[in-house]
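Visitor: Sequence and predicted structure below; questions after.
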Amino acid sequence: MAPKIQLEHVSKIFGPRPKSVIPKIKNGMSKEEILAETGHTVGVYDASMEIEEGEIFVIMGLSGSGKSTLIRCFNMLNKPTDGAIQIDGEDIVKSTRAKLKEVRQKKVAMVFQHFGLFNHRTIMANVEYGLEVRNISKEERREIAQKNIESVGLKGYEDKYPDELSGGMQQRVGLARALANDPDILLMDEPFSALDPLIRREMQLELLDIQERLQKTIIFITHDVNEAFKLGDRVAVMKDGKVNQIGTPEEILEKPANDYIADFIRDIDRSKVFQAEHIMIQPNALVSMKDGLNVARKEMEENGISSVFVVDRSRHVKGIVTIDDAIQGLKEKKSLQDVMRTDITIVQKDEYVNDLIPKALESSFPLAVVNEENKLAGFILRVHVLSGLAADDVDESDEYQDGLLKNEAVKN
Amino acid sequence: MDVFPDITFQFGSYIESFVNYLNTSLDAFFEFIYIVSSNFINGIEQILIGMPWWLFIALIILLGWYFKSLPAGIVYGVFMFLVGTFELWEDMMTTIAIVMTAVIISLALGIPLGVWMAFSKRFSIVMRPILDAMQTMPTFVYLIPAIFFFGLGNVSAIFATLIYAIPPVIRLTELAIRGVDKEVIESAESFGSSRWQMLFKIQLPQALPTIMAGVNQTTMMALAMVVIASMVGAQGLGEQVLVSINQIDIALGAEAGISIVFLAVIIDRIVGGLADKFQKHRRIS
């Protein structure tokens, strides 16, 4: 499927004759040299990226990295000096005024760092604005606006003015106003940077919630690595107007493209980025409910493990059998069901490692990881959860697998 | 000692022939303006003079109450009543009519010009020195072409007042439109607003508090000019001041003078209160 948005070699230069600077950059002149020699500022240089429908794409960088300049190219608040921006296969850089207006009215909406609210209008009139410019009838736009105001939790504030609301509430208005137009694409320019940390976290969760419900394509700007990795399906890191790396948070954490990015991500809390599926181990042995204890013992002995998960025919986890229990059970002529322990902890594969810590501490067995259909996808040794917190590289711990398994067994 | 060389540039006579040319070639145009504006002033004057005195005072009290406070309104009412006791009631109404006409025309011309200046850098560069000149030129100078075009009377007074009083509203409109928060403009643009929607739904409403400050200044300057304009036949309080100067009538001068002060205070407070009402929700957050 074609990407929702495709940027091809987009550059944005500010100054009296921006086009004249492009060849100079191509020859490798730096941003500072160009400023000194020609007086032009390089906002963005040669940015190319593909953004898929329904993903949260985060553009991260420090101030002056060109991220805010770049996001304004997506709705042509900044017209790129060079390059193409395809939205649904149509290049908006070359589109006519009327076409651009239509794109802005229906396809792309934007949320601003300082909210950009119209302080001479009530909350209702703010949220209605996008519909008003489209000449939608008063009743209809009131109805749509009301729905959106309620969905961001501001029911009862319709007739207030923006200056009567707190920062967090104002940004909710900004969000409701952008969503009222039902755009495919939501541009968010550091929307939560001006909010205090508690409200920021709340808004981040709410954004994820909205994304789940509405499946918009979101382009999100931030200077905060933790925010970028928490929200982003994929993250682009920018520096000095150039895109240095694009990848999923895990990819960037594992293989930072250069020292700058490595330095950038040094302080990040890994347990909030890695999910269960990233540190789980694929099970190489499983027993099914209809198998006997003999099969279970053989599986464990052949694979050199001290416990094995029991699943039913559709791979739903039923319990776990340890090697000790299996041997004991065989002596006493018990069946698999009799010795199977069912007090296991099951986690979803997209749970963050951070959330697994208490579960790992409570459980006596490895954690069973299941996918969306509740089928066993893998397991996580308890020690991996804890080491995952400090680990420089999660894969390393594989070496210890055998030894650790024995430890687990001893405990039991 | 070297004297200035014998070079003469007849600037004044060029202007004179230009004004003469205007007067002859655009005669019909000035005639038209004359008829429109004299009817306009007369209309307002008739309404004001025809209004019972107590109704007018009540109106002033209500306006003062609404825009300031009840005590303020009562003080304004007392001021009005005092002017009545000076036997200057009708003169005051005439002055109010002239000022209102001048202000309405100033706004009708000044706001669009200010908007144009905000949008066009080139127009702004051309207009700035003209506005400077309009404000620094001794005000009496405007009286000459005014008499020339419109003869003695209220219309000439309006013309001269207009030139003197219009710059603040033009300047502040330009300033206000340019000063609208960039992110607010961007957000309006990001919704696909047309230029007109942007102007009427966002820029002008956002600029209104500052524009109102310009309106206030324009009104005060118009009031000041009305006295000077009495030299070209404007009636009202200014005329009384002029008469008192000619007759060295201290009593009349004091009464007419203090009446103008009262009027200035009332107009300033009411227009200022109006501006405050617009200001209410427009703090930049």
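Guide: Noted; the coordinates are in hand. None of these values were measured; they are calculated from a predicted model.
Visitor: what's near enough to touch the closest residue to A:Met124 other than its chain neighbours?
Guide: Nearest residue to A:Met124 in three dimensions, chain neighbours excluded: A:Glu158, at 4.2 Å (Cβ to Cβ, 6 or more residues apart in numbering or on different chains). For glycine as for every other residue, the C-beta is placed from the backbone atoms N, C-alpha and C. By Cβ atoms under 8 Å, 6 or more residues apart in numbering or on different chains, the contact set of A:Glu158 is A:Thr122, A:Ile123, A:Met124, A:Gln146, A:Ile149.
Visitor: again, but for A:Asp88
Guide: A:Ala2, A:Lys4, A:Lys107, A:Asp184.
Visitor: swap in A:Arg17?
Guide: So A:Arg17 contacts A:His40 (Cβ under 8 Å, 6+ apart).
Visitor: Kindly recompute the last result at 10 Å.
Guide: A:Thr38, A:Gly39, A:His40 (Cβ atoms under 10 Å, 6 or more residues apart in numbering or on different chains).
Visitor: What separation do you get for it and A:Thr81?
Guide: Distance check for A:Arg17 against A:Thr81: by Cβ to Cβ, to the nearest Å, it reads 10 Å.
Visitor: now swap in A:Pro249 and tell me
Guide: 31 Å.
Visitor: Could you do A:Phe274 as well?
Guide: 39 Å.
Visitor: SS state for the residue nearest to A:Met124?
Guide: In the three-state summary, A:Glu158 is assigned as coil, counting by DSSP: H, G, I helix; E, B strand; the rest coil.
Visitor: Against chain B, how distant is it?
Guide: As judged by Cβ to the nearest Cβ, to the nearest Å, A:Glu158 and chain B stand 15 Å apart.
Visitor: Give me the phi and psi for that residue.
Guide: Backbone torsions of A:Glu158, given as degrees, to the nearest 10, read phi -50, psi -40.
Visitor: wait, A:Val277 sits on A:Glu372?
Guide: To be clear, residue A:277 is Glu; Val isn't right here. No. With contact defined as Cβ atoms under 10 Å, A:Glu277 does not reach A:Glu372; the gap is 11.1 Å.
Visitor: okay, and the common contacts of the two?
Guide: A:Gln348, A:Lys349, A:Asp350.
Visitor: need the contact list for the first one.
Guide: Listed by Cβ under 10 Å, 6+ apart, the contact set of A:Gln348 reads A:Gln275, A:Ala276, A:Glu277, A:Asp355, A:Val369, A:Val370, A:Asn371, A:Glu372, A:Asn374, A:Ala377.
Visitor: switch the cut-off to 8 Å
Guide: A:Ala276, A:Val369, A:Val370, A:Glu372.
Visitor: Who does it form a beta bridge with?
Guide: A:Val370 (DSSP bridges).
Visitor: neighbours around B:Met134, how many?
Guide: 18 (other Cβ atoms under 10 Å in any protein chain shown).
Visitor: OK, contacts around it?
Guide: B:Ile163, B:Tyr164, B:Ile166, B:Pro167.
Visitor: how does it look with 6 Å?
Guide: Taking Cβ atoms under 6 Å, 6 or more residues apart in numbering or on different chains, we find B:Met134 in contact with B:Ile163, B:Pro167.
Visitor: Helix or strand: which one has it?
Guide: For B:Met134, the element it lies in under DSSP states H and E is helix B:121-136.
Visitor: Likewise for A:Gly43?
Guide: Assigned by DSSP H and E, A:Gly43 falls in strand A:41-51.
Visitor: hmm, who's touching that strand?
Guide: A:3-14, A:25, A:31, A:34, A:57, A:66, A:69-70, A:236, A:241-243, A:246.
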